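[1] task: produce atomic coordinates for the following.
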Amino acid sequence: MFYVVIVFEILFMISPFALYFYSAYGPTLNVFHRWPSTAWLTQFFLPHFSYTSSMLLNALPGLGGLLILIGTLIFTAGAIPVYWAKLRGRGPVTGGLYAFIRHPQYVGLAIVGLGTLLIWPRFLVLIAYVTMLFLYALLAHWEEEQCLTRFGETYRAYQARTGTFLPRSLSRRMPRILPVSTGKRVLAVAGFYLVLLPATVALGFGLHDYSLSKISAFYTKSTAVLSPALLTDQELGAAYRTAIADPKVQQALIAARPAKLIVYVVPMEWYLPDLPIEAVHKSGGHQTPPDFDRRHYKVLFTAARIHTVEATERDIITSAYGRDPIVLVKVDISVPEVTGIETPPPHVVWGDIPTPMF
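    Residues are numbered from 1 along each chain as shown. Alright, predicted model coming up:
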């Protein structure tokens with residue numbers, strides 16, 4: 001019975017995080033693509049496999065990994081003494097991290113969630129992350145009500161010398177936003193959530209536009225040409241022009257009749273599992289050596305999956321929710337010439353699931 005209780009308690013505690021994490025990845029996300037009003041939810045608002053001219057944007061994935069590690073350590077440091085105390089039949093834990101904050105496990109999961117958001121920055125993940133934080137705020141308040149009922153003034157004294165999520169020395173400097181009473185507090189949390197969520201989404205769209213301005217790209221009325229590598233305008237244009245001038249490539253595009261094109265120019269040595277280029281999956285994730293040969297490229301032509309067919313230039317990327325590969329062209333821009341034409345795989349290595357556009 002002890003282990004059953006532990007399992008249910010853990011499931012109860014991490015359920016908001018579990019729902020948040022699943023929103024980062026899964027084939028069921030394709031259901032959002034049926035309607036223009038929801039298709040944007042699976043888009044990424046930060047670069048995922050593209051290098052940019054911004055050092056800050058390029059550093060975010062590494063920062064995300066560090067946050068995941070820190071959050072995991074905090075969560076573990078908060079969980080071990082609690083369940084050890086339960087196993088030994090002791091009272092509430094007030095030492096270690098609990099001497100400073102009352103909910104270190106929630107803090108750890110929040111930090112892990114932020115790290116995951118930076119590594120997998122989907123709009124749906126952003127919404128789920130904000131939702132997870134508010135759910136933890138409600139859960140923390142509910143748990144403290146239970147502790148007050150059980151331990152009385154002893155727990156009230158503990159509350160007076162510790163902070164909820166931040167040390168007392170920091171939290172008391174912050175203005176009180178939420179009322180103390182339970183009923184008013186729930187309404188205030190709900191109202192704050194309804195205000196903060198759209199503001200956070202608007203910030204995500206701003207970051208999306210900023211990110212697109214920092215990648216190697218150029219646009220025409222019906223085509224968006226991107227490179228995950230930092231290429232010069234001359235290199236990017238030469239690779240695209242060499243590929244599209246080939247008669248076989250033109251025939252393939254005529255046969256596909258795409259409303260809008262998204263073209264990726266990828267260094268020959270690079271391996272990006274988020275793009276439908278390689279038929280064979282390689283272990284180790286992205287392989288993007290910085291000292292690549294700047295003469296040879298793979299040029300992937302894809303048809304944009306898009307509800308807004310009148311979109312032009314950069315709006316093709318902001319409106320697209322997916323892509324269907326048409327033809328893969330290998331080029332040498334130093335000659336220039338086409339060195340190979342292949343039929344790309346129909347999907348990425350994980351199948352037909354939403355993947356980042358840049």
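[2] who are the packing partners of the biggest strand by length in the chain?
    For the chain, the longest strand by residue count, based on DSSP state E, is strand 320-332. If contacts are counted by 3 or more CB pairs under 8 Å, 6 or more residues apart in numbering; DSSP states H and E, strand 320-332 sits against helix 233-244, helix 247-256, strand 296-306, strand 337-342. Every C-beta, even on glycine, is put in place using the N, C-alpha and C of the backbone.
[3] how about a cut-off of 10 Å?
    helix 36-39, helix 233-244, helix 247-256, strand 261-267, strand 296-306, strand 337-342 (3 or more CB pairs under 10 Å, 6 or more residues apart in numbering; DSSP states H and E).
[4] quick one: the third one to chain centroid distance?
    Between the centre of helix 247-256 and the centre of its chain there are 35 Å (CA atoms, centre = their mean, to the nearest Å).
[5] returning to what we had before: now the angle from the longest strand of the chain to helix 233-244?
    For strand 320-332 against helix 233-244, the angle by axes from the mean of the first three to the mean of the last three CA atoms, to 10 degrees is 90 degrees.
[6] average pLDDT for strand 320-332?
    Mean pLDDT, computed over strand 320-332, is 97.
[7] Ile316: what secondary structure?
    With DSSP: H, G, I helix; E, B strand; the rest coil as the basis, Ile316 sits in helix.
[8] any idea how far Asp293 is from Ala252?
    Distance of Asp293 to Ala252, given as CB to CB, to the nearest Å: 25 Å.
[9] neighbour count: those two, which is higher?
    Neighbour count, other CB atoms under 10 Å: between Asp293 and Ala252, Ala252 has more, with 17 against 12.
[10] residue contacts, that one?
    Contacts of Ala252 were listed using CB atoms under 10 Å, 6 or more residues apart in numbering, and they are 246, 301, 326-329, 341, 343.
[11] now, of those, which are buried?
    With neighbours counted by 16 or more other CB atoms under 10 Å, the contacts of Ala252 contain buried members at 246, 301, 326-329, 341.
[12] burial check on Ala140, number of neighbours?
    Around Ala140 there are 17 residues (other CB under 10 Å).
[13] what of the one 4 residues further on?
    Residues contacting Glu144 under the criterion other CB under 10 Å number 17.
[14] show the pLDDT at it.
    pLDDT at Glu144 comes out at 88.
[15] so it is in contact with Ala137, correct?
    No. Contact between Glu144 and Ala137 fails when scored by CB atoms under 10 Å: they sit 11.0 Å apart.
[16] mind listing the shared neighbours of these two?
    What both Glu144 and Ala137 touch, as defined by CB under 10 Å, 6+ apart, is the set 103, 164.
[17] longest helix of the chain?
    In the chain, assigned by DSSP state H, the helix with the most residues is helix 55-88.
[18] what mean pLDDT does it have?
    Per-residue scores along helix 55-88 average to 90.
[19] flag every buried residue along that helix.
    For helix 55-88, burial by neighbour count (16+ other CB under 10 Å) applies to 57, 60-61, 64, 67-68, 71, 74-75, 78, 81-82.
[20] helix or strand next in line after it, which one?
    helix 104-119 (DSSP states H and E).
[21] elements contacting the helix or strand just after that next one?
    Of the helices and strands lying after helix 104-119 in sequence (DSSP H and E), the nearest is helix 123-151. Secondary-structure packing of helix 123-151 (3+ CB pairs under 10 Å, 6+ apart): helix 2-22, helix 104-119, helix 153-161, helix 182-212.
[22] now stretch 324-344: buried residues?
    Applying a neighbour-count criterion of 16+ other CB under 10 Å, one finds 324-333, 338, 341, 344 buried in stretch 324-344.
[23] brain fart, stretch 295-303
    295-303.
[24] hang on, the earlier thing: need the buried residues of helix 55-88 in TSV with distance to Val107, can you?
    Shown next, in TSV, are those (distance: CB to CB, whole Å):
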residue	distance to Val107
Leu57	26
Leu60	21
Pro61	22
Gly64	17
Leu67	12
Ile68	14
Gly71	8
Ile74	6
Phe75	8
Gly78	8
Pro81	15
Val82	14
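[25] ok, of those residues, which one's closest to Glu310?
    Using CB to CB, Leu57 comes nearest to Glu310 of these, at 29.5 Å.
[26] doesn't His208 make contact with that closest one?
    No. Taking contacts as CB under 10 Å, Leu57 lies outside contact range of His208: 11.5 Å.
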